[in-house]
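**Student:** turn this into a model:
(one chain, ligands or ions: 1)
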Amino acid sequence: MEEKIGLGIELKNTVDYARFLDQQDPLRTFRDKFYIPLVNGKEAIYFTGNSLGLQPKAAQDYVLNELEDWANYGVEGHHFARNPWVEYHEMFPAMLSKITGAKEEELVVMNQLTVNLHLLMTSFYRPTKERFRIICEAKAFPSDQYAINSQVKLHGFDPEDTIIEVAPRSGEYNIRTEDILSTIEKYKDSTALVLFGGVNYYNGQVFNMPAITNAAHAAGAFCGFDLAHAAGNIELQLHNWNVDFACWCSYKYMNSGPGGVSGVFIHEKHFAQTDIPRLAGWWGHDKESRFKMDKEFNPIPTAEGWQLSNAPVISMAVHKASLDIFEEAGMERLIQKSKALSKYLFFILDEINKSGAEDFIEIITPRNENEHGCQISMLMLKDGKKIYEELKKQSVIADWREPNVIRIAPVPLYNSFEDIFRFGEILQSCRN
Ligand SMILES: *Cc1c(COP(=O)(O)O)cnc(C)c1O
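**Tutor:** Numbers count the residues shown, from 1 in each chain. Modelled structure (predicted):
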């Protein structure tokens, strides 16, 4: 089997060429592992894996197994289910370590994303009178903005002069790394935490996580990342980059279902400090003595020590179904295909622009393949909303963002080169 998809020197905007690329794709059969939604009786061109990944067909069996074990064993399922519930979450770190570049002890799956952001900020945003600022990206995902804002207020600070946002320069769409680094330098004596996304949800820009982490540490601050749009999408080396903490949701690129469980990374260097401030719960307590129900909290000396509650097994069963697919596909092959898909998509969009006197679309996602993942954001220069509605009618499931942006994210597990070709055809017909 051919392991690399060779786009060749000359890309072609033809269905034959798209199919030729699909034939070479070592991951082409993975599409069959997912339910592709139908629109007007036709398989959709599903480009919103960045928002809600598709359902793995196996997910229903994984969930049914847990329901059966619950029916058959009742409470005994905690120990005698096929995958005992007491340690259900312990299956995940081995799989997630390959997706996130972390050691297994540094990973835990629990709660949901915004909850975990709060838990992690409780430990890693500890402002003092001198060092109280948080540096983040302008236009962060709203939930992150609310979480940061409320944490700042909880500590008695004024968000106005506490939260420093780094924005793109005027006339630009992406935030320059040099501007992030110089902002950290500028506030180096007063910054407690640098908290960025790994990939910006709006324009798809991948941030330079190792450079940001180094700069934060040089300034004496902690550094964390919200990886909602990065996990399962781009290469991550959280341990080696020396990131302090990160969290992500599992329902975007990781296909684990609406409201699915969230993942957390905490660097092992923080495990020795057992009195690190945290909001504790019984599932974070030492496993040997957990059921002795002692009064004193004695945290597990790994990321698991941040757990609060026992594992939501039904939701985790879907996560397991999905991660088993990632395990089989392998992150390296996924990233390789993702890069080929987006290269082809850039080409098709350029072709559409070239077909008229004036540009029709402005791509606001960086073109450099290390600065974008699956998602490409198109700023529609004319009739954006109308085009979006027309795409929908023609069975393209994309995503509209005010004021004028259509986000599309062909993902390597279930999208094909032919999806991209057909999308191009439809978009071109909207232009004509
Ligand atoms: C999707 C997303 C969220 C959603 O948060 P939930 O707690 O899972 O509802 C938060 N932050 C970012 C950056 C996201 O992309």
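**Student:** contacts, neighbours, all on C-alpha from now
**Tutor:** OK.
**Student:** domain ranges for this protein?
**Tutor:** Residue ranges for the domains of the chain, per automatic domain parsing: 15-33+332-431, 63-327.
**Student:** anything in the last one near the ligand?
**Tutor:** Read that as domain 63-327. Yes: with Cα under 6 Å from any ligand atom as the measure, domain 63-327 is seen reaching the ligand through 112-114, 141, 143-144, 201, 226, 228-229, 249.
**Student:** ok, what's across the strand from M380?
**Tutor:** I361 (DSSP bridges).
**Student:** that one against R401, yeah?
**Tutor:** No: taking contacts as Cα atoms under 8 Å, M380 lies outside contact range of R401: 10.7 Å.
**Student:** more crowded one of those two?
**Tutor:** M380 (19 against 12; other Cα atoms under 10 Å).
**Student:** got the buried residues for the helix or strand hosting T183?
**Tutor:** If you go by DSSP states H and E, T183 is part of helix 177-186. Residues of helix 177-186 classed as buried: 177, 180-181, 183-184 (neighbour count, 16 or more other Cα atoms under 10 Å).
**Student:** and if you look at stretch 211-221?
**Tutor:** 212-217, 219-221.
**Student:** so of these, which ones are in helices?
**Tutor:** Under the assignment DSSP state H, those contribute 212-217 to helices.
**Student:** list the contacts of L119.
**Tutor:** Applying Cα atoms under 8 Å, 6 or more residues apart in numbering, we find L119 in contact with 278-279, 306.
**Student:** of the residues you listed, which is the most crowded?
**Tutor:** Busiest of these [other Cα under 10 Å] is W306, holding 26 neighbours.
**Student:** farthest-apart pair in the buried residues of stretch 211-221, please.
**Tutor:** I212 and G220 (12.4 Å; Cα to Cα).
**Student:** report all helices and strands that the longest helix seen in the chain contacts.
**Tutor:** Looking across the chain with DSSP H, the single longest helix is helix 331-354. If contacts are counted by 3 or more Cα pairs under 8 Å, 6 or more residues apart in numbering; DSSP states H and E, helix 331-354 sits against helix 417-431.
**Student:** so which elements touch the helix it packs on?
**Tutor:** Counting by 3+ Cα pairs under 8 Å, 6+ apart, helix 417-431 packs on helix 15-24, helix 331-354, helix 384-393.
**Student:** let's see 10 Å
**Tutor:** Secondary-structure packing of helix 417-431 (3 or more Cα pairs under 10 Å, 6 or more residues apart in numbering; DSSP states H and E): helix 15-24, strand 45-46, helix 331-354, helix 384-393, strand 396-397.
**Student:** if we can go back for a sec, want to throw the buried residues of helix 177-186 into TSV with distance to I397 and pLDDT?
**Tutor:** Output for those, formatted as TSV (distance: Cα to Cα, whole Å; pLDDT from 0 to 100):
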residue	distance to I397	pLDDT
T177	32	98
I180	34	98
L181	37	98
T183	38	98
I184	39	98
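**Student:** the ligand: which of these is nearest?
**Tutor:** Nearest to the ligand out of the buried residues of helix 177-186 is I180 (Cα to the nearest ligand atom; 17.8 Å).
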